[in-house]
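J.: coords please:
(chains A and B)
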Amino acid sequence: MSKFKKDDSKGTPAVSTASLPDIVFMLLFFFMVTTVMREVDLKIKLDQPEATEIDKLEDKALVDYIYIGEPFNTDLYGTVPKIQLDDDFATVEDIQDYIIARRSERPEAVQGKITVSLKVDQDTKMGVVTDVKQELRKVQALKINYSTRERLD
Amino acid sequence: MARKKRELQEINAGSMADIAFLLLVFFLVTTTMDTSWGLARKLPPPLLENQPDPPPIKDRNVFVVLANANDQLLVEGELLEIGELRAAAKDFIANPQRKENLPEFRTEDIPLLGMTQVSKQVISLQNDNGTSYDLYIQVQNELAAAYTELRNELASREFGMSYLKIEEMAKSQQGGEKFKAMMDAIRDVYPQRISEAEPKDIGG
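T.: You can find the predicted model right below:
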């Protein structure tokens, strides 16, 4: 396909592909704009439960994430569900500091609007989730969101 | 610069599409349409020390949902499946037959709706440390669905449109206030009161 020969015998000219780059660029810009680079590298198995009565998390800049689930690397970390904050494993005791640190990064006017999104694997037992919730209460991070997938029935 | 005037050769743009395609594929692959949907909840503020006990609530006004470590549900003393929870909760909240063992009502003056009987219902949810997160979310979901269905029924009775529709319209810029008032009225009749007990190990 190195050359497009004009077939003179037939009347239909070849379709111009000159606008192909434009189309591709348009798609490219669309995806560049909509792309959200994953904020963290997940180190845990995260299979979220499904629900129907769900709301959308509106302002992503005002959301902190707490991940809970069974580590991928079970040889090293075992199968007990662990908490992940940003890129590292953490313990329940770290949550207060984390939330306070994240809160102080935001302007004071919006600090009350921060939501904590709990991304928890569905096989996790409630014990660790309850502990996390108790820690959140202690630092007055009361707006939470149980992250779920949408159930399509 | 004495240079031989030459016809400037045009750069071949034929490979531009290839480059653009390459970038496009990269972004296609890295894109995670991040589905940030979830159940929004508000945690109760932390308990203060020597905080006085809240006034007691009559047993008939409380809908007790217990979930044990084997993912079984005990609802008002009866073993229920998750699929039956929604209907049971709806029956409790609305108490259509005004039964003696279901919640009491008080008459309130609600804007747009006038004098309305409002149930004094509270749903109490207690789970064990061994309950699975999946079941917990299902319970939360079913209880929220019970409220939504009741609100929908009330909304279509009173305003001729579903509650979800009203909620959506209240967010819009034009005429949002009218729908917001309708939304608040419906929420006043069926306020979502899901209380979670302080955690303790109830075993299973």
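
J.: Looks to me like residue B:65 is in a strand.
T.: Yes - remark: residue B:65 belongs to a strand, assigned using DSSP: H, G, I helix; E, B strand; the rest coil.

J.: And the helices in the chain, which stretches?
T.: You didn't pick a chain, so chain A it is. Here chain A has its helices, by DSSP state H, at A:20-34, A:74-77, A:94-105, A:126-138.

J.: Please refer instead to chain B.
T.: Going by DSSP H, chain B shows helices at B:16-30, B:82-94, B:133-158, B:163-171, B:176-189.

J.: follow-up on the earlier one: dump the helices of chain A to a markdown table, plus distance to chain B, mean neighbour count and mean pLDDT.
T.: (Each C-beta comes from the backbone N, C-alpha and C, glycine too.) Output for the helices of chain A, formatted as a markdown table (distance: least, CB to the nearest CB, whole Å; neighbours: other CB atoms under 10 Å in any protein chain shown; pLDDT from 0 to 100):
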| stretch | distance to chain B | mean neighbour count | mean pLDDT |
| --- | --- | --- | --- |
| helix A:20-34 | 4 | 15 | 83 |
| helix A:74-77 | 19 | 10 | 88 |
| helix A:94-105 | 11 | 15 | 93 |
| helix A:126-138 | 3 | 19 | 91 |
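
J.: mind giving me CSV with these and columns for distance to residue B:45?
T.: Output for those, formatted as CSV (distance: least, CB to CB, whole Å):
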stretch, distance to residue B:45
helix A:20-34, 38
helix A:74-77, 34
helix A:94-105, 15
helix A:126-138, 7
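
J.: and residue B:174, which of those is closest to it?
T.: helix A:20-34 (27.6 Å; CB to CB).

J.: Please work out which residues outside that closest one touch it.
T.: B:13, B:16, B:17, B:20, B:21, B:23, B:24, B:27, B:28, B:31, B:33 (CB atoms under 8 Å, 6 or more residues apart in numbering or on different chains).

J.: What spatial separation is found between the second one and chain A?
T.: Taking CB to the nearest CB, to the nearest Å as the criterion, residue B:16 is separated from chain A by 5 Å.

J.: Leaving out the residues flanking it, which one is nearest to that residue?
T.: residue A:21 (4.6 Å; CB to CB, 6 or more residues apart in numbering or on different chains).

J.: so what's residue A:94 up against?
T.: Taking CB under 8 Å, 6+ apart, we find residue A:94 in contact with A:83, A:85.

J.: again, only this time at 7 Å
T.: residue A:85 (CB atoms under 7 Å, 6 or more residues apart in numbering or on different chains).

J.: got the buried residues for stretch A:141-153?
T.: A:141, A:142, A:143, A:144, A:145, A:146, A:147, A:148 (16 or more other CB atoms under 10 Å in any protein chain shown).

J.: From those residues, which land in strands?
T.: Counting by DSSP state E, the buried residues of stretch A:141-153 place A:143, A:144, A:145, A:146, A:147 in strands.

J.: Report the separation between the second one and residue B:192.
T.: Distance from residue A:144 to residue B:192, counting by CB to CB, to the nearest Å: 15 Å.

J.: same question, the last one
T.: Counting by CB to CB, the separation of residue A:147 from residue B:192 is 20 Å.

J.: now swap in the third one and tell me
T.: Separation of residue A:145 from residue B:192 (CB to CB) stands at 15 Å.

J.: Poorly predicted segments of chain B, please.
T.: B:1-5, B:32-35, B:199-204 (pLDDT under 70).

J.: neighbours around the residue of it found nearest chain A, how many?
T.: Closest approach between chain B and chain A, counting by CB to the nearest CB: residue B:129, at 3.4 Å. Using other CB atoms under 10 Å in any protein chain shown, residue B:129 has 18 neighbouring residues.

J.: Contact partners for it?
T.: A:125, A:126, A:127, A:130, B:201.

J.: Just the closest of those residues to residue B:77, please.
T.: So of the contacts of residue B:129, ranked by how close each gets to residue B:77 (CB to CB), first place is residue B:201, at 20.4 Å.

J.: on that earlier part again, biggest separation within the contacts of helix A:20-34, which pair?
T.: Maximum distance among the contacts of helix A:20-34 (CB to CB): 32.0 Å, for B:13 and B:33.

J.: neighbour-wise, which of those two wins?
T.: The neighbour count for residue B:13 versus residue B:33, taken as other CB under 10 Å, is higher for residue B:13 (10 against 7).

J.: With adjacent residues omitted, what lies nearest to that one?
T.: Nearest to residue B:13 is residue A:21, by CB to CB, 6+ apart, at 7.1 Å.

J.: Equivalent analysis for residue B:46, please.
T.: With CB to CB, 6+ apart as the criterion, residue B:46 has its nearest non-adjacent residue at 4.6 Å, and that residue is residue A:137.

J.: likewise residue B:43?
T.: In space, residue B:43 is closest to residue A:142, 4.4 Å off (CB to CB, 6+ apart).

J.: now the one you found: how far from residue B:28?
T.: The value you get for residue A:142 to residue B:28, if CB to CB is used, is 39 Å.

J.: show me what contacts the most centrally placed residue in chain B?
T.: Closest residue to the average C-alpha location of chain B: residue B:39 at 4.9 Å, with CA atoms, centre = their mean. For residue B:39, the contacting residues are A:51, A:53, A:54, A:145, A:146, A:148, B:137, B:140, B:141, B:144, by CB under 7 Å, 6+ apart.

J.: Most neighbours among these, please name it.
T.: Neighbour-wise, those (other CB under 10 Å) top out at residue A:148, 26 neighbours.

J.: Let me know the pLDDT of it.
T.: Here the pLDDT value assigned to residue A:148 is 90.

J.: Cool, thanks, signing off.
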